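J.: Sequence first, then the predicted structure, then my questions.
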Amino acid sequence: MTVMPKLADLLDQSFDPFEIEKLSTGDADDPYPRIHELREKGTVLKGSYRTEFTDVPDVQVGHLEQYMVLGYDTILKVLTNPEVFGNRGAFQHTLGKSFGRTVTVMDAPEHTRYRKIFQKAFLPNTVAKWGETFVDPVVNRLMGAFIDRGEADLVEEFTHHYPFQVIYSQLQIGQEQTKVFHKLAIAQLLSAIGAPQGPEATEKLGDFFRELLAQRRADPGDDLISHLATVEADGERLPDEVLISFLRQLMNAGGDTTFRGTSVLFTGLLTHPEQWEAVAADRSLIPQAIEEALRWEGPVSNTMRYVNEDTELDGVFLPEGTILNMVLGSANRDPGKYPNPDKFDIFRERKVRNLAFANGPHVCIGQHLARLEMTRALHAILDHTRNMRLDPDKPAPDIRGHLLRVPDHIYVKFDKA
Ligand code: HEM
């Protein structure tokens, strides 16, 4: 049996990146009233999303001229015009520092070439099989710990763990290493605020993945790493550097987002008990409940693009080198597309696709996996409980943050099915 490579902890083992991470995701209560106000002033406005909602200095792109893009149609226009509005110029200052040469930081033709290979590993049919093999065992194990109690905190005991544990089980990282792994995955983001633990974590995760890749290549299994290490498109494989950067990104792109998306799904339904009951009575409503949660409080409320050449957008001149803050949360609550946009309503008419996973060539590569995980999590809870409701004696869920929004707790009571 092969021995897993050992993951090195941060030099300062007492350093806690989780508290500091809140600085970059923010603690805004409800940014939407202000977002509506801004959108009414114009679809393209000078300023930065981060400085609008936090006091944290922007050490990464603060030196560049910035605009916020707020209208649904305008955001879609930018996302689907990658020649003028690129990724590299923006993300090289941010995610590129944390993760390295990942697809988010690339523009065409490099992006097109590598994305095609990654996409083969995340096709809907491939991902569908992971439901039984990877997601259900994790979800059932976590639920087993609270199901007999008749009450739980769905965040602390369920949603905050399951997407990460799905990743551990796909990477086959043993339980003894998961704590350090999670800590490093969060610490690498701290390059965003200039903390030295950021580059240290990036390097340590890189060393670990390099060794793991070599092992899995020598003795491939059925896991995600073996699959990614051997998948090909047009006879080409992924270079190690690109693959390692992708693996660094996985915990944040796939774990943090799905944890938040699932927490928001439970919050939306449980704060609207008639909609929870409707879904419990008719599971075919689950896909539209998920789409509504992603629209209402999509976990990624803002992303960026870089203006590659002088251009004009909705009558506003944008010089080359400008950073665009693409406020996806604003697009998803644009009243021109979604009447009464602040209302959580799984029965609303859906004429346009929400932008929670963005659009265009960089549209989320893990969207099928995210939807699958959210679906399995909701099914599992509905299968094993009856009459789930918010605990009236505890605080109601409160979704917070300006960038990655989530409630800290969802206290519930229920009967066992
Ligand atoms: C509810 C859960 C999720 C949400 C809301 C979400 C959201 C997003 C968004 C908005 C983007 C586009 C960013 C941009 O273009 O600037 C994106 C890209 C990406 N996502 Fe997700 N994501 C989720 C789950 C996942 C999962 C489970 C994975 C893991 C496989 C994943 C991996 C990625 C990657 C690798 C990219 C970069 C794609 C590229 O640049 O070509 N995401 N995601």
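T.: Right, received. Where do you want to start? Numbering: from 1, shown residues only.
J.: Kindly report the residues of this protein close to the ligand.
T.: 103-104, 115, 249-250, 253-254, 257-258, 261, 298-300, 303, 356-358, 362, 364-366, 369-370 (Cβ under 6 Å from any ligand atom). Any C-beta I mention is one placed from the backbone N, CA and C, and that applies to glycine too.
J.: What are the boundaries of the strands in the stretch 1-150 of the chain?
T.: Per DSSP state E, counting those that start in this stretch, the stretch 1-150 of the chain carries strands over the ranges 44-46, 66-69, 85-86.
J.: Now mean neighbour count and mean pLDDT too, for those strands, in TSV please.
T.: Listed next are the strands of the stretch 1-150 of the chain as TSV, based on neighbours: other Cβ atoms under 10 Å; pLDDT from 0 to 100:
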stretch	mean neighbour count	mean pLDDT
strand 44-46	16	98
strand 66-69	24	98
strand 85-86	24	98
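J.: between these, which one is nearest to Leu228?
T.: Among the strands of the stretch 1-150 of the chain, the nearest to Leu228 by Cβ to Cβ is strand 85-86 (25.2 Å).
J.: what helices or strands is the closest one leaning on?
T.: strand 303-307 (3 or more Cβ pairs under 8 Å, 6 or more residues apart in numbering; DSSP states H and E).
J.: which element follows the strand it packs on toward the C-terminus?
T.: Downstream of strand 303-307, the next assigned helix or strand under DSSP states H and E is strand 311-313.
J.: Name the residues of the helix or strand just after that following strand that come out as buried.
T.: Sequence-wise, the next helix or strand downstream of strand 311-313 (DSSP H and E) is strand 316-318. The neighbour-count criterion (16 or more other Cβ atoms under 10 Å) identifies Val316, Leu318 as the buried residues of strand 316-318.
J.: What lies in contact with strand 316-318?
T.: Residues from elsewhere that reach strand 316-318 (Cβ atoms under 8 Å, 6 or more residues apart in numbering): Gly42, Val44, Tyr67, Val307, Asp310, Thr311, Glu312, Leu324.
J.: Across the sheet, point out what pairs with the last one.
T.: In other words, Leu324. Per DSSP bridges, the residues bridged to Leu324 are Tyr67, Arg305.
J.: how many other residues sit next to it?
T.: By the criterion of other Cβ atoms under 10 Å, Leu324 has 23 neighbours.
J.: and if you look at the fourth one?
T.: Other residues near Val307 come to 23 when the count uses other Cβ under 10 Å.
J.: and Phe122, what pLDDT?
T.: Predicted confidence (pLDDT) at Phe122: the value is 87.
J.: you'd agree it is up against Leu369?
T.: Yes: judged on Cβ atoms under 8 Å, Phe122 makes contact with Leu369 at a distance of 6.5 Å.
J.: So the two - more neighbours on which side?
T.: Leu369 (24 against 19).
J.: unless I'm mixing things up, that one is touching Lys129, no?
T.: No: between Leu369 and Lys129 there is no contact under Cβ under 8 Å: 11.1 Å.
J.: Against the ligand, how distant is the residue nearest to Lys46 when sequence neighbours are not counted?
T.: Excluding the flanking residues, the one nearest Lys46 by Cβ to Cβ, 6 or more residues apart in numbering is Tyr67, at 5.6 Å. Using Cβ to the nearest ligand atom, to the nearest Å, we find Tyr67 at a distance of 16 Å from the ligand.
J.: Then Phe317?
T.: Taking Cβ to the nearest ligand atom, one finds Phe317 at 23 Å from the ligand.
J.: Among the residues of the chain next to the ligand, which are located in strands?
T.: Taking DSSP state E as the definition of strands, those contribute Thr303.
J.: what's the next secondary structure element after the helix ranked longest in the chain?
T.: For the chain, the longest helix by residue count, based on DSSP state H, is helix 197-218. The C-terminal neighbour of helix 197-218 among helices and strands, as given by DSSP H and E, is helix 224-230.
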